[in-house]
Structure formats: C-alpha cells, structure tokens
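*Asks:* Would you be able to build a 3D model of this:
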Amino acid sequence: MTLAGPATRAHDRAMAARWVVGVDGSDGALDALRWAVARAEHTDADVCAIAAFHVPLSMSMLAAKRGFDVDRLGMEAEARHLLDEAIAAVGGPSERLQQTAIEGQPSGVLLDAAADASLLVVGRRGGGSLRHLVLGSVSSYCATHAGVPVVVVPPGRDPALLEKIVVGFDGSANAAAALRWALDITPDDAALELIMAIEPAPWLSEDITLARFPDEVRREEERLAAAADKVDPARRASRCVMLHGPRQALAEATETADLVVVGARGHGRIGSALLGSVSTWLLHNAPCPVAVVPRPAGDD
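*Replies:* Residues are numbered from 1 along each chain as shown. A predicted model of the protein is given here:
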C-alpha cells in the first residue's frame with residue numbers, strides 16, 4: 001500500500017509550504033530529492049532543490065590575480081548542471097519543483113535556506129562529483145542545528161512508501177515535539193506508533209526485571225503514558241512499551257518502519273544544540289528515513 005486516499009487537515013497544514021533539499025550530484029542526494037518529491041505529491045508543499053558551491057581561498061586568490069573570477073563561474077555552472085541532472089532524474093522541472101545554486105559552505109547554505117522552510121531533507125551520504133562540496137559530511141550538522149525538522153534519507157529506499165511512522169518517546173519535551181510533528185504529518189491511512197523504552201539494568205533480563213521491580217516498571221509506564229496523553233489525548237498513536245534500551249528498541253522498530261521520528265536535544269545554532277546518542281546512531285544506521293524534530297523555541 002502506498003500513500004493514498006484523503007489526508008487529514010492537520011496533515012495538509014503541516015506538510016504544506018516549502019521543503020528544502022540539498023543536492024550535490026551524489027546518489028545520496030538524489031535519494032533525498034526523490035523522497036521529497038514523492039512525499040510532496042500528496043501535499044501542497046513546494047520543493048526547492050539547492051546546490052551549494054564553494055571556491056576555496058587558494059583558488060579565489062589565483063582568480064583575483066587573473067582579474068577574472070573564472071573559478072567561481074565554472075563551479076557555479078557545474079552546480080547548476082548537477083541540479084539540472086537531478087531534476088531530470090526525478091521527472092523534470094515543474095511549478096512546484098524549484099532549483100537554485102548558492103555560493104557558500106553546504107551546511108550554512110542549507111540552514112539559511114531552511115530558515116523560512118517547513119522541512120529540510122538531506123541524503124545520508126553525499127560526496128558527489130562537484131569538488132569541495134560533500135553533502136554527507138554536513139547531514140548530521142544540519143540535523144543538529146536546523147530550526148526546522150530535518151529528514152535524513154538512507155540509500156535505496158522506496159520513496160513512495162509511508163505506511164508506518166514510528167516515534168521514539170521518552171516523556172521529555174523534545175520527545176513531545178517529535179510526537180506533535182508526527183501527528184501532524186501522518187496521513188489517515190498510515191500507522192503511527194510510539195516506542196516507549198524502559199531501560200532495565202544491563203545485567204538483568206526482561207523477566208527478572210519484571211519480577212524484581214514490578215512497581216518501578218509500572219510507575220515508569222504510567223509516567224510515559226501520561227506524557228503521551230498530554231500530546232495525543234485521542235490516542236491516535238498506538239503505544240508500545242519495551243523493556244530495552246532506547247537504541248535497541250528503535251533499532252528493532254526501524255526494520256518495519258517507513259519513517260522514524262525523534263526529538264533533537266537543543267534548538268538552533270547556538271548553545272547546547274546537540275543530538276543524543278540514540279538520534280546520532282539512527283542517523284548513521286537506520287535502514288529507513290529519520291526525522292529529527294527540534295523543540296520549538298520557548299516551548300516548555
């Protein structure tokens with residue numbers, strides 16, 4: 001089953017507006033663009049493919065001596081050529097698929113472009129033919145520092161599938177932000193599941209943990225359920241409580257999910273904008289796309 005049928009009004013609102021996709025000529029970037037275009041077909045979103053190009057200082061100095069910025073013009077032309085190839089590979093240009101080449105470091109260019117967007121989409125690995133432009137090296141940086149949700153797309157995924165969305169939920173404000181976003185973007189015909197991990201002592205099995213610490217486990221289940229109910233009182237998302245560490249729990253969930261959503265630790269470019277170890281592991285290893293949702297500024 002692919003994404004089809006009527007979507008909720010909340011889904012339409014959340015998925016509307018403008019999505020930014022980083023393009024660098026690599027297969028990873030093309031996977032990201034395919035995913036964004038496929039998803040946008042079911043929304044009102046416009047997709048903007050962006051290629052950043054950067055002229056190193058040494059090349060700029062040589063160009064200045066020649067009196068003509070031939071290096072910058074050449075790299076800009078190459079970036080635009082890569083964009084044309086990527087657009088053609090996903091079906092060609094359209095009114096809702098825009099493209100632009102911008103001079104600057106990839107991470108800064110993408111973050112600036114996404115500042116007024118509703119979503120940033122990048123491939124897990126870049127490193128295309130355009131010299132000095134390696135998107136894969138900045139995907140984690142974008143996920144960490146962007147003020148909007150970031151989707152990191154692994155290679156080889158079918159972009160048409162969105163049957164099951166999984167949210168990692170630990171009761172924190174960051175997890176609540178992730179759940180709110182997931183509720184907004186999940187269409188009516190897709191399943192939404194909360195993975196609530198209760199981490200036992202590593203030397204104890206699940207059976208022994210339940211036998212020795214039933215009250216502690218029950219209280220933690222109640223805490224997680226209460227936190228989820230504040231965000232999802234209608235229980236649109238099913239709940240799955242697992243006596244595992246969060247990494248193990250989410251690793252198992254990614255095997256059947258089409259999208260995993262987690263909260264970022266921190267917000268914006270300044271201060272403690274750091275991803276947790278579980279989010280970082282997912283970005284590098286999950287077999288499905290991973291969405292990292294920042295906590296809105298001022299959100300308690």
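
*Asks:* pLDDT at Gln99, what is it?
*Replies:* Model confidence at Gln99, given as pLDDT, is 93.

*Asks:* so where's this structure shaky on pLDDT?
*Replies:* Low-confidence segments of the chain, defined by pLDDT under 70: 1-16, 56-71, 126-137, 200-206, 210, 265-276, 297-300.

*Asks:* Any idea how many residues pack against the nearest residue to Pro287 once chain neighbours are set aside?
*Replies:* Nearest residue to Pro287 in three dimensions, chain neighbours excluded: Thr254, at 5.7 Å (Cβ to Cβ, 6 or more residues apart in numbering). To be clear about C-beta, it is placed using only N, CA and C from the backbone, and glycine gets the same treatment. Per other Cβ atoms under 10 Å, the neighbour tally for Thr254 reads 20.

*Asks:* just checking, what packs against the strand or helix carrying Arg218?
*Replies:* Under the criterion of DSSP states H and E, Arg218 resides in helix 214-231. On a contact count with 3 or more Cβ pairs under 8 Å, 6 or more residues apart in numbering; DSSP states H and E, helix 214-231 meets helix 173-185, strand 191-197, strand 238-242.

*Asks:* Tell me the helices and strands packed up against the first one.
*Replies:* The contact analysis (3+ Cβ pairs under 8 Å, 6+ apart) places helix 173-185 against helix 9-15, strand 164-168, strand 191-197, helix 214-231, strand 259-263, strand 290-293.

*Asks:* Tell me the gap between stretch 155-175 and the middle of its chain.
*Replies:* On the basis of Cα atoms, centre = their mean, to the nearest Å, stretch 155-175 sits 9 Å off its chain's mean C-alpha point.

*Asks:* what does stretch 42-57 give?
*Replies:* Per Cα atoms, centre = their mean, the displacement of stretch 42-57 from the mean C-alpha position of its chain is 15 Å.

*Asks:* Also stretch 101-119?
*Replies:* Centre-to-centre, stretch 101-119 and its host chain are 15 Å apart (Cα atoms, centre = their mean).

*Asks:* Alpha carbons of that stretch, as CSV, please.
*Replies:* Taking C-alpha atoms only, stretch 101-119 is exported to CSV below (Å, rounded to 0.1, in the frame of the first residue of the first chain):
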residue,chain,number,x,y,z
ALA,A,101,22.6,27.3,-6.8
ILE,A,102,24.1,29.3,-3.9
GLU,A,103,27.7,30.2,-3.2
GLY,A,104,28.8,29.1,0.3
GLN,A,105,29.6,26.2,2.5
PRO,A,106,26.9,23.5,2.2
SER,A,107,25.9,23.4,5.9
GLY,A,108,25.5,27.2,6.1
VAL,A,109,23.7,27.4,2.8
LEU,A,110,21.2,24.7,3.7
LEU,A,111,20.5,26.1,7.1
ASP,A,112,19.9,29.6,5.8
ALA,A,113,17.7,28.3,3.0
ALA,A,114,15.7,26.3,5.5
ALA,A,115,15.2,29.1,8.0
ASP,A,116,11.8,30.0,6.4
ALA,A,117,11.0,26.5,5.2
SER,A,118,8.9,23.8,6.9
LEU,A,119,11.3,20.9,6.2
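
*Asks:* Quick check: buried residues in that stretch?
*Replies:* By neighbour count on 16 or more other Cβ atoms under 10 Å, the buried set for stretch 101-119 is 101-102, 106-111, 113-114, 117-119.

*Asks:* Stretch 191-202 too?
*Replies:* Of all the residues in stretch 191-202, those buried under the rule 16+ other Cβ under 10 Å are 192-200.

*Asks:* Make CSV out of those and add distance to Ala77.
*Replies:* CSV is the format used below for the buried residues of stretch 191-202 (distance: Cβ to Cβ, whole Å):
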residue, distance to Ala77
Leu192, 45
Glu193, 47
Leu194, 48
Ile195, 47
Met196, 51
Ala197, 50
Ile198, 55
Glu199, 53
Pro200, 58
